[in-house]
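In: Sequence and predicted model, in that order:
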Amino acid sequence: MWNQIVNDKIFSSSDDLAKQVTKWNIFNEKVVFTNGCFDILHMGHIDYLCKAADLGDRLIIAVNTDASVSKLKGPSRPVIHEDTRLIKLAALAFVDAVILFDEETPLELITKVKPQVLAKGGDYTVETIVGADEVLKRNGLVEVIPFLAGHSSTAIIDRIKEA
């Protein structure tokens, strides 16, 4: 349905994604992994994801399913359906793969994909990032990327409600 370039970046199976990562590894491409809800894609997300992409050659984004977003953020979230969130992220030129995950954390996916770099936003520390131990044990890198001040989905939603 969507452009083939976008479709080719959307993975429905962790096995297929792991196979793709193996291909990238054959060519010594450094794989960066991050995850999140990305409910309302805003400048803070773009800034964070660009910086994550700069840490390697390939960027994978694991996206919380609608059900997991509701558990994390409350029953009024997400605002944007999971399929739309995947397509918007896959359409970004610097993104190489997107995949949904429904578990409480992406640990299983991180363990299977084995990225060389794990990146998270500024509200984390290396010690609180799920999967950090697994990446560090393989001599990988774990990076905390500072937030771009003044940008959040919650703030945008609150402004819309006030209007």
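Out: On my side now, so go ahead.
In: for the protein, what spans make up the strands?
Out: Counting by DSSP state E, residue ranges of the strands within the chain are 10-11, 31-36, 58-64, 97-101, 117-121, 141-145.
In: now those strands as a markdown table including mean pLDDT, distance to T22 and mean neighbour count?
Out: All C-beta atoms are positioned from the backbone trio N, CA, C, and that covers glycine. Output for the strands of the chain, formatted as a markdown table (pLDDT from 0 to 100; distance: least, C-beta to C-beta, whole Å; neighbours: other C-beta atoms under 10 Å):
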| stretch | mean pLDDT | distance to T22 | mean neighbour count |
| --- | --- | --- | --- |
| strand 10-11 | 97 | 13 | 19 |
| strand 31-36 | 97 | 10 | 24 |
| strand 58-64 | 97 | 12 | 25 |
| strand 97-101 | 97 | 13 | 21 |
| strand 117-121 | 95 | 16 | 24 |
| strand 141-145 | 96 | 19 | 18 |
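In: Can you tell me which of these is nearest to N25?
Out: Among the strands of the chain, strand 31-36 comes nearest to N25, with 7.2 Å by C-beta to C-beta.
In: residues in contact with the lowest-mean-pLDDT helix or strand in the chain?
Out: Every helix and strand in the chain was compared by mean pLDDT, DSSP states H and E; the lowest is helix 153-162, with a mean of 72. Residues outside helix 153-162 that contact it (C-beta atoms under 8 Å, 6 or more residues apart in numbering): C37, D39, I40, H42, V79.
In: hmm, try it at 10 Å
Out: For helix 153-162, contacts defined as C-beta atoms under 10 Å, 6 or more residues apart in numbering pick out 36-42, 44-45, 73, 76-80, 152.
In: Of the strands of the chain, which is nearest L17?
Out: strand 10-11 (4.3 Å).
In: Which strands or helices does the closest one pack on?
Out: Under the contact definition 3 or more C-beta pairs under 10 Å, 6 or more residues apart in numbering; DSSP states H and E, strand 10-11 sits against helix 14-26, strand 58-64, helix 82-90, strand 97-101.
In: Can you turn the buried part of the contacts of helix 153-162 into a ChimeraX selection?
Out: What follows is the ChimeraX syntax for the buried subset of these, where burial is set by 16 or more other C-beta atoms under 10 Å:
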select :36,37,38,39,40,41,42,44,45,73,77,78,80,152
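In: Having no further points to raise, I will conclude here.
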